[in-house]
Each structure stands twice: as C-alpha cells, then as structure tokens.
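Undergrad: Sharing a model that was predicted from the sequence below.
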Amino acid sequence: MSRLLDIRQTTQEVAEAITAALGIDVEIIDDRLTIIAGTGRYKEKIGQKEEEGNVQSGLTYSQVLQTGEPYVIEDAQNNADYAALEAELAEVCCPIKLSGRVIGLMGLVAFTEQQRHTLLCNRGPLLTFLERMAYLLASKVSETKIATELTSIVETIRDGILAVDKDGIITSCNMMAERLIGQTREQLIGIALSKIWPDSSFHEVLQSGVGYRDREEIHTRSPLRRGGMPLHFFTTVMPINASGHGASSADHAPIGTVLSFRDSADVRRMVYDLTEKEESSSFQEIIGTSETILRVKEQGQKIALSNSTVLITGESGTGKSLFARAIHHSGSRKKRPFITVNCGAIPDALLESELFGYEPGAFTGASKNGKVGKFELANGGTIFLDEIGDLSLHLQVKLLHVLQYREIERVGSTRSLSIDVRVIAATNRDLEQMITDGEFREDLFFRLNVIPLHLPSLKERQEDIPLLLTQALARHARLIGKEISGFDQETMELLVSYQWPGNIRELENVVEYAVNLATERLITVDSIPARLRRTHSGEKETRKLKAQLDVFEKQIIERVLRETGYSVEDKVKAAKLLGISESTLYRRIRELGIRARP
Ligand SMILES: Nc1ncnc2c1ncn2[C@@H]1O[C@H](COP(=O)(O)OP(=O)(O)OP(=O)(O)O)[C@@H](O)[C@H]1O
C-alpha cells in the first residue's frame, strides 16, 4: 500500500493549505501515480490514476518519481516537451522524499494568467515552500509508519503491557493485558491502576524513578480475582522519563511507568518446557503379555481417567515411574506438567523448599527472588512423589495438609496458594509395616492410598521375560550399532530361570552389558555378568545333589519294603522303621516311582 495513502487526511489538508495561500490548484500524487489529494479541478479526480487524466503529465511525473528532481514548466502551451491539457498554462512539480526514496509528488498547475504570474514570479521561494511541505508530509508518513509498527509489536507481544501516567492512571494497554486482567481496553483506560492492583509496587517506581524486573506479584486484594483466586503475575516496571529514556534520572521524576507482566502459570509452563520436561510415555510402551501385567495395565488405564490420588507399590525396578508417567500422559492432564520429586534423593532440609518453594530471603542462603516449588510447577498437572516411604515425619504432616486442603504454603510465608495437582506416589517399602513401626503416618497412608496399584515383580510374570529380553536386546543393539539376532538356548534358559531381584531395571542392565561384550550374532553365557552365571551353576549343583539324594532315598525305601513286605500292615511297619509318617511313605513311593507290590 502507498505510504501517502496512510496519511490521506493530512495530505488533503496540505493541498488545501497551499491553495488557500497561493490560490492555485494542487494535486498530490503517490509513487503509483494515483491522485491522493487535490484541490480545484483535481478534487474530483482523487483516487484516479494521473495517466487517465493527463497522459503527458503522467509521463513527466514518472520522470520526477525516477529522478527525484523538481521541475517548472513556464509556458505549457508552447513547450514542445510538454503536451498540456488545453487550459494548462504553467506548472511547478516537487518530489516528496522519504529516506532518499521518492514516495510521491506535489504538482501546482496554473490555469489563469494570474496564477501563472504567481507561480513564476515567486519560483524560488515557492519551490522552498513546497520542499518544506513535502518534508512535512514525509515526516508524517515516517511517524505513522513507526507508530503502526510499534503498535503491531506491542499488540503481538506475549506479555501484558500497561502504560500508566504520573498519577497512576492507565493510559494505554495491549491485547494481552486485556486478556490477562479480564477487562476490555475501554474499561481499563482512565482508571487508577491501584484500584485493580492494590498489591502492586508500581507506585514506588513513580516515586523513586527506579524500575524493577520480573518481580512476583500476587494480587490477593484485587477486585478482579477470578473464582476467588488471586491474580498472580511476574511483573517488570520501568519508569518513563521526560527525555523518553526508560532509565531513571535523579533530577526528574518519571512522567509515568510502563508495566509488562506475564501470568505465573505461563511462566511455570515455560520453565517446565525448558527444564523439567520428562519424556512422555504410554501404556503401549509397557512390555508384557502375561495375564498379570495385562491386568495391571488395564487397571492403570482406568486410573488415568480419574483425578484421584494413586499409590503405586512394587519392588524396585518393576516400572513404578513408567506407570506413573503413563497414567499422567493418558489422562486429561496430559498437556500439563508432570513433575517428579524423588523424596529419597533430596536431603530433608532441602526437600521442603523443593516441594513447596520459599519466599524471598526465607532463610540464610535463600535466593532474594524466592523460589517456586514443585507443587506450584505442577499446577494443573501431576506431581509424582517417588520413594514416598523416605519422607520424614515432619514433611508427612505438611503433605497431609496439602492433600486435605489442596493448598500450599511457601517456606517463610503465611499466605496459602490454592493448587490443582494430581498426586501419584510410589514406594518399594512396606508402608503398612512402617505404620506399625511408627515411621509412617496412618492418616497420610489413607490419603495416598485412594487408588492402590501394585506392580508384580518379574518372577511373578516369568513368561514375560523372553519378550522383555528380546526388546531390550533390539534397542541396545540398535543404539550400539551391533548386529545381534538373539540369545543362544542356554543363555535364554539361564536368563528366564534367574530370579531378577532388581526386576526390569536389572534385566535392562544385563542386556546392555551382554550387547557390549558380545562378539557373535547370538549372545552366549560368556557375555552374561559373572554373578548370574554363578547363581545359575549354584542352582545346577543344587539340582544335582537333590537327584543323588532321590536315588539314595529310593534304594533305602525299596530295601526296607523288600524286608517288611508290601501289604498295608507291612507299609505301617516300613514307615516306622524308616522313621517317617505313613502318608510321607506313600507320597515318596509315588514321587520316586517305587514298586508298591511284590
Ligand atoms: N513393563 C515394562 N516394559 C518395558 N520397560 C519397563 C517395564 N517396566 C519397567 N521398565 C523399565 O525398567 C526401568 C525401571 O523402571 P522404573 O524406573 O519405572 O521402575 P521403578 O519401579 O520406579 O524403580 P524404583 O523403585 O527403583 O524407582 C526403566 O528403564 C523402565 O523403562
């Protein structure tokens, strides 16, 4: 779009001012030869292309647009280079330039001898006058362009922006401010900011001239709270000084302030996206086709649909974290944060502030900006409290409060913040035994155990081991870039019969180890950690000894039966001689395949 068109109104005013001063018709034309403004006989041609009205003049104007040089036609009717319209006697044309580029021109045309006289007698001062007018128009275009660009920047910014004058009255705002505050521009402009944000410190900046950045402001007293929830923003306030610079000046009080603010939930989401994001996971990734694991997966899928607290129990490495993530990512909160806190890995003294956050300067060494806790970060989503059995009794009380009242209190604060967080806790410890031993609060246990989910150990679902082994092998072989097709029979038997005290985590580690060591396409026992091989050969030895004892036992029973005979009474005697009960004798005869008759 032509730039002169943006300031059509001003252009017309300038044309009319020139005509009023000189009594000569004026046309103002943009760089596409469209008449933007005009007086006298040009007024009705506004909006038309110059070529349509005056081909010759159009061509001449085109030259001015190209060269940027003004020209004067003294005798239009007798100028060979200028085919004037019948009535044109003289013309002065001056370019309008912005940053060295011609964006249009002004043409003054004399149709009477008197007008021609005015044009030609004042040629010098007239051209200077026209150049000034052209400069004015160009400045206006430039201003309008900057203002339009600034407005669109301010409107597209993701922060709310408010400008406030020295009396604390809102003078302008952007679209985001309307959205975050929940009021329209018309409602906001003209009111005192302290009316809607009584808890803000912006007035300090008006007095001191010193701004502040990213300060957390919670407007508990704001009349615009939504559903009783305080407005919660991270706000930057900068002074506006008369010089137009934002920096403070000791000599002059600010003439106003600019506030930019962001919703705390957006800040939390951004921090989460940048730092905390966990890999997502779904129930499809949970491997296993045994009835046991299929039942637990089905249970997990149902749990995902609710918002209730879940307590996942199971031995170490059975997939408690995996299930917690799958529950979160299959539920309605999947687009919101999933925050994990390992209660066993953080010293008790730090865990409280990690979970609940702290106020600025709450304790020695605390950051002066305070800190947002994991519960706040998880707001709207899920918090996964792993190793919950390791939580100290002191923090158990605090967690119980959160679960009961759905609100948290930062360390060093007396203010409660409402939160909407789904809690999933997990432990491999026996919480009921811990309750008996006075190590875990019974009331907290009941609050956590709303939906219990127990994960089976690997030895309870031995039939899943081959599948887990094969999938882990494929993954690690791909990662390392080795071509390994499987396990040889002996190794597979060894791995399936192993007890896996560390469950799937141990299984994955063993496979990773084996893939690293393997030199053949099939994994052999040589690539299996020595402790597994030892356990296996120990089991083999045990089996050998048992077999020898069976042979020996069979020989003794057969000898005694040959001596006593095979009738019912004889077997009573034989049991007595052998020092075992009659039922044991009958069972061993059956198990060892001993002849029961002569
Ligand atoms: N059913 C499964 N299918 C595939 N991988 C699994 C399965 N269960 C667990 N895993 C994998 O085993 C490893 C251990 O799982 P996870 O950390 O979830 O166990 P955990 O019970 O939380 O352990 P801990 O009690 O020690 O914290 C992870 O790498 C996980 O991806």
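TA: Thanks, I have the structure now.
Undergrad: Now do the contacts for E113.
TA: Contacts for E113 (C-beta atoms under 8 Å, 6 or more residues apart in numbering) come out as L89. For every residue, glycine as well, the C-beta is placed using N, CA and C.
Undergrad: Now do it, the pLDDT please.
TA: You'll see E113 listed with a pLDDT of 90.
Undergrad: could we number from 18 for the rest of this?
TA: Taking 18 as the first residue, the last one we looked at is E130.
Undergrad: Which residues of the stretch 468-615 of the chain lie near the ligand?
TA: Residues of the stretch 468-615 of the chain lying close to the ligand (C-beta under 6 Å from any ligand atom) are I521, R522, E525.
Undergrad: so how far is the ligand from the nearest residue to the second one once chain neighbours are set aside?
TA: In space, not counting the residues next to it along the chain, R522 is nearest to G334; the distance is 3.3 Å by C-beta to C-beta, 6 or more residues apart in numbering. When distances are taken as C-beta to the nearest ligand atom, to the nearest Å, G334 and the ligand turn out to be 5 Å apart.
Undergrad: so how many other residues sit close to G334?
TA: Under the neighbour criterion other C-beta atoms under 10 Å, G334 is assigned a count of 21.
Undergrad: Am I right that it sits in a helix?
TA: No - assigned with DSSP: H, G, I helix; E, B strand; the rest coil, G334 falls outside any helix and is coil.
Undergrad: got the contact list for it?
TA: Contact partners of G334, counting by C-beta under 8 Å, 6+ apart, are G519, N520, I521, R522, E523.
Undergrad: hmm, which of those are the buried ones?
TA: Those of those that meet the buried threshold are G519, N520, I521, E523, by 16 or more other C-beta atoms under 10 Å.
Undergrad: pLDDT score for the third one?
TA: What the model reports as pLDDT for I521 is 96.
Undergrad: do you know how far the residue nearest to R522 is from G519?
TA: Distance, G334 to G519, by C-beta to C-beta, to the nearest Å: 5 Å.
Undergrad: Give me the domain ranges for the protein.
TA: Per automatic domain parsing, the structural domains of the chain span 20-169, 175-284, 300-471, 475-540, 552-609.
Undergrad: Quick check, L417 in contact with R458.
TA: Yes - L417 lies in contact with R458 (C-beta atoms under 8 Å); the separation is 6.6 Å.
Undergrad: Spell out which residues of the stretch 218-367 of the chain are next to the ligand.
TA: Selection of the stretch 218-367 of the chain residues close to the ligand by C-beta under 6 Å from any ligand atom yields I303, I304, G305, G331, S333, G334, T335, G336, K337, S338, L339.
Undergrad: top of these by neighbour count?
TA: Taking other C-beta under 10 Å as the neighbour criterion, T335 ranks highest of these with 27 neighbours.
Undergrad: For it, grab phi and psi.
TA: Taking degrees, to the nearest 10, you get phi -90, psi 0 for the backbone angles of T335.
Undergrad: how about it, what does it touch?
TA: Applying C-beta under 8 Å, 6+ apart, the residues contacting T335 are N445, L472, P473, S474, L475, N520, I521.
Undergrad: If you drop the residues flanking it in sequence, what lies closest to S239?
TA: Leaving out its chain neighbours, the residue that sits closest to S239 by C-beta to C-beta, 6+ apart is L248, at 5.2 Å.
Undergrad: next one: V440
TA: T326 (4.7 Å).
Undergrad: and if you look at K476?
TA: Nearest to K476 is Q516, by C-beta to C-beta, 6+ apart, at 5.6 Å.
Undergrad: go on, S409?
TA: Nearest non-adjacent residue to S409, counting by C-beta to C-beta, 6+ apart: D365, 4.7 Å away.
Undergrad: From Q65, how far off is the one you found?
TA: Distance, D365 to Q65, by C-beta to C-beta: 83 Å.
Undergrad: Correct me if wrong, but S217 is in a strand.
TA: No - with three-state DSSP as the criterion, S217 is located in coil rather than a strand.
Undergrad: That one and F250: what is the separation?
TA: According to C-beta to C-beta, S217 stands 9 Å off from F250.
Undergrad: Then L485?
TA: Going from L485 to F250 by C-beta to C-beta gives 49 Å.
Undergrad: how about I178, phi and psi?
TA: Per-residue torsions, I178: phi -130, psi 130 (degrees, to the nearest 10).
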